[in-house]
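Student: Next come a sequence and a model predicted from it.
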Amino acid sequence: MAKVKWVIDPAHSEIQFKVKHLMITTVTGYFSKFNLEVETEGDDFERASDIVFTADVDSINTNNDQRDTHLRSADFFDAANYSQIRFEGRKYEKVDEDTANLHGDLTIRGVTKPVTVEVEYGGTVVDPYGQTKAGFTVRGKISRKDFNLTWNAVTEAGQVVVSDDVRLNADIQLIRQG
């Protein structure tokens, strides 16, 4: 079967993360510049390979300029030295008809760790312009400290300012090439 390349449709995709602040509310952020390329055997995502996702750290946005500047600093992502976040998928493991686990390696701030995310397949359709598109929802959770994102502060009451757990949420639309 022929290899098929898929690329992300950035106009119909979003990459978000959620982190607890003061352990009482959740702050949502996203990356506005990202890329994803996938290679499949035909249109079968079970045999996906060469899955490479990148996000530009400078494009981080939490709707607060001061916080975004702090996140780009050496206290967190250190964008001056580590400009991208990178995920390389190794294995797409089908769980049921619409759900799979994607195992891969996530690199943040020069640290690479194995990560598994849940992928929900939304389907494949041909759009009004004749392009074949596939949709996915991706969910996962990582420990930010595993990637040397260790900055924190403690309130007078002893509460941490930023939780260790980071929830990952992405809605992805891919466009079939050729």
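Tutor: Received it, and whenever you're ready, just let me know what you need.
Student: drop to CA atoms for contacts and neighbour counts, all remaining ones
Tutor: OK.
Student: need the contact list for residue 12.
Tutor: Taking CA atoms under 8 Å, 6 or more residues apart in numbering, we find residue 12 in contact with 172, 173.
Student: quick one: it and residue 135, what's the gap?
Tutor: According to CA to CA, to the nearest Å, residue 12 stands 9 Å off from residue 135.
Student: shared neighbours, these two?
Tutor: 172, 173.
Student: so how far is the first residue of stretch 118-133 from its last?
Tutor: Per CA to CA, the first residue of stretch 118-133 is 20 Å away from its last.
Student: Specify the local secondary structure of the nearest residue to residue 109 once chain neighbours are set aside.
Tutor: Nearest non-adjacent residue to residue 109, counting by CA to CA, 6 or more residues apart in numbering: residue 82, 5.3 Å away. Assigned by DSSP: H, G, I helix; E, B strand; the rest coil, the conformation of residue 82 is coil.
Student: Helices of this protein, start to end?
Tutor: For the chain, the helices defined by DSSP state H cover 65-72.
Student: which stretches of it have low pLDDT?
Tutor: 153-161 (pLDDT under 70).
Student: before we move on, the earlier item: return the distance of the residue nearest to residue 109 relative to residue 13.
Tutor: Residue 82 is 23 Å from residue 13, by CA to CA.
Student: what's the answer for residue 145, then?
Tutor: Distance, residue 145 to residue 13, by CA to CA: 27 Å.
Student: Residue 114 contacts residue 91, correct?
Tutor: No - checked against CA atoms under 8 Å, the pair residue 114 and residue 91 is beyond contact range at 11.4 Å.
Student: and for the two, which residues touch both?
Tutor: 103, 104.
Student: Look at the two and report which has more neighbours.
Tutor: The residue with more neighbours, out of residue 114 and residue 91, is residue 91; 18 against 13, by other CA atoms under 10 Å.
Student: residues in contact with the more buried one?
Tutor: Counted by CA under 8 Å, 6+ apart, residue 91 has contacts 48, 49, 102, 103, 104.
Student: rerun at 10 Å
Tutor: Residue 91 is in contact with 46, 47, 48, 49, 50, 51, 100, 101, 102, 103, 104, 116, counting by CA atoms under 10 Å, 6 or more residues apart in numbering.
Student: Can you show me the strands along the chain?
Tutor: 3-8, 14-21, 25-31, 34-41, 44-56, 60-61, 84-94, 99-108, 111-126, 132-143, 162-177 (DSSP state E).
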